[in-house]
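Colleague: here is my input; please provide its structure:
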Amino acid sequence: MNVSIIIPMLNEAASLGLVLDHWRSFAQSGAEVLIVDGGSADASVPIVEQAGFKVLTAARGRARQMNTGAQAARGDILLFLHADTLPPPRALDIMSRTLMRSRRVWGRFDVRIEGRAWMFPIIAFFINLRSRLSGIATGDQGIFIKREAFLQVGGFPDQPLMEDIEISKRLLRISRPLCLTPRMRTSGRRWETRGVWRTIFLMWRLRWAYWRGASPQDLVKAYR
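Modeller: Here you go, the predicted model:
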C-alpha cells in the first residue's frame with residue numbers, strides 16, 4: 001500500500017534540523033512526503049525547499065493544512081505527522097503491514113515525550129492508556145487512515161482545535177483504531193514552556209469543555 005505523509009508546518013525553523021533527515025528517509029523509501037505551510041513568518045519554507053521538498057500552502061490551522069495535503073496526496077494510506085514528531089524505526093512498514101492484515105481502517109502509534117521533565121514518561125503512559133481505552137487519538141501519536149475512510153468521514157473538521165478528537169470520533173463509527181506500541185517521539189517544548197502541571201490541567205479542562213459541547217472557536221482562545 002502506498003503511503004502519503006502529510007506534515008502541517010507553522011514557524012518550525014528552529015526544529016527542522018532534527019526532522020529533515022527523517023523526511024528524506026521517508027521519500028527514499030518510496031513514501032510521498034507533503035509539507036503544508038500555514039503562513040510561517042520565519043525561515044521554515046526556504047529551509048524545507050532547500051532540503052529538496054515541495055511546500056504546499058494553506059490557510060492557517062492544522063485541520064485546513066492537513067486537508068489540503070490529503071487532497072494532493074496519492075497514497076492509499078494517509079499518515080498525519082506533526083512537524084516536531086519523529087516516527088519509530090520502520091514505522092511505515094509496520095503501519096502498512098498491520099493495516100493490510102486487519103479489518104480496521106485507521107490507527108495511531110504510542111507516544112514518547114522528549115524533554116527534561118521527569119514527569120514526561122508518566123504523562124506519555126497515561127496518554128497512551130487513555131487512547132487505547134477510549135479509541136481517541138491525538139495528533140502527536142501519528143494518526144494514519146486509509147484514504148477511503150478519510151474521505152468517508154469528510155476529512156478533518158474545519159475547526160481550530162480538537163480536530164484530532166473529532167475525526168477520531170467519526171472514525172470510531174467505522175472501526176476501532178489500531179494501537180501500535182512503537183513510539184512516536186514528540187517534543188515536550190509546549191509542556192516545558194507553559195509548565196507541566198499547568199499544561200496538564202489546561203488540556204483536561206479544554207477536553208472536558210469540548211465533551212460538554214463548548215465550541216472549538218471559544219476553546220482555542222484559552223489554549224493560546
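Colleague: for residue 222, give me phi and psi.
Modeller: With angles defined as degrees, to the nearest 10, residue 222 sits at phi -70, psi -40.
Colleague: who touches it in this structure?
Modeller: Contacts for residue 222 (Cβ atoms under 8 Å, 6 or more residues apart in numbering) come out as 202, 205, 206. Any C-beta I mention is one placed from the backbone N, CA and C, and that applies to glycine too.
Colleague: pLDDT at it, what is it?
Modeller: Residue 222 carries a pLDDT value of 74.
Colleague: now the strands for this protein?
Modeller: In the chain, the strands defined using DSSP state E lie at 3-9, 32-37, 55-57, 77-80, 85-86, 106-114, 143-146, 178-187.
Colleague: separation between residue 119 and residue 187?
Modeller: Between residue 119 and residue 187 the distance is 15 Å, computed by Cβ to Cβ, to the nearest Å.
Colleague: ignoring the adjacent residues along the chain, who's closest to the spatially most central residue of the chain?
Modeller: By Cα atoms, centre = their mean, the mean C-alpha position of the chain lies nearest to residue 139, the distance being 3.0 Å. The shortest distance from residue 139 to any residue other than its chain neighbours is 4.6 Å, reached at residue 164 (Cβ to Cβ, 6 or more residues apart in numbering).
Colleague: thought that neighbour was touching residue 137?
Modeller: Yes. Using Cβ atoms under 8 Å, residue 164 and residue 137 qualify as a contacting pair, with a distance of 6.4 Å.
Colleague: which neighbours do these two have in common?
Modeller: The contact sets of residue 164 and residue 137 overlap at residue 143 (Cβ under 8 Å, 6+ apart).
Colleague: give me the buried positions along the helix or strand of the chain at the bottom of the mean pLDDT ranking.
Modeller: Taking mean pLDDT, DSSP states H and E as the measure, helix 216-223 is the helix or strand of the chain with the lowest mean score, a mean of 78. Using 16 or more other Cβ atoms under 10 Å as the test for burial, helix 216-223 gives 216, 219.
Colleague: next one: stretch 125-132
Modeller: Neighbour-count burial for stretch 125-132 flags 127, 128, 131, 132 (criterion: 16+ other Cβ under 10 Å).
Colleague: stretch 183-196 now?
Modeller: By neighbour count on 16+ other Cβ under 10 Å, the buried set for stretch 183-196 is 183, 184, 185, 186, 187, 188, 191, 196.
Colleague: pLDDT and distance to residue 69 added to the residues you listed, as a markdown table?
Modeller: Rendered in a markdown table, the data for the buried residues of stretch 183-196 read as follows (pLDDT from 0 to 100; distance: Cβ to Cβ, whole Å):
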| residue | pLDDT | distance to residue 69 |
| --- | --- | --- |
| 183 | 97 | 23 |
| 184 | 96 | 18 |
| 185 | 95 | 21 |
| 186 | 93 | 19 |
| 187 | 88 | 21 |
| 188 | 88 | 25 |
| 191 | 84 | 26 |
| 196 | 87 | 31 |
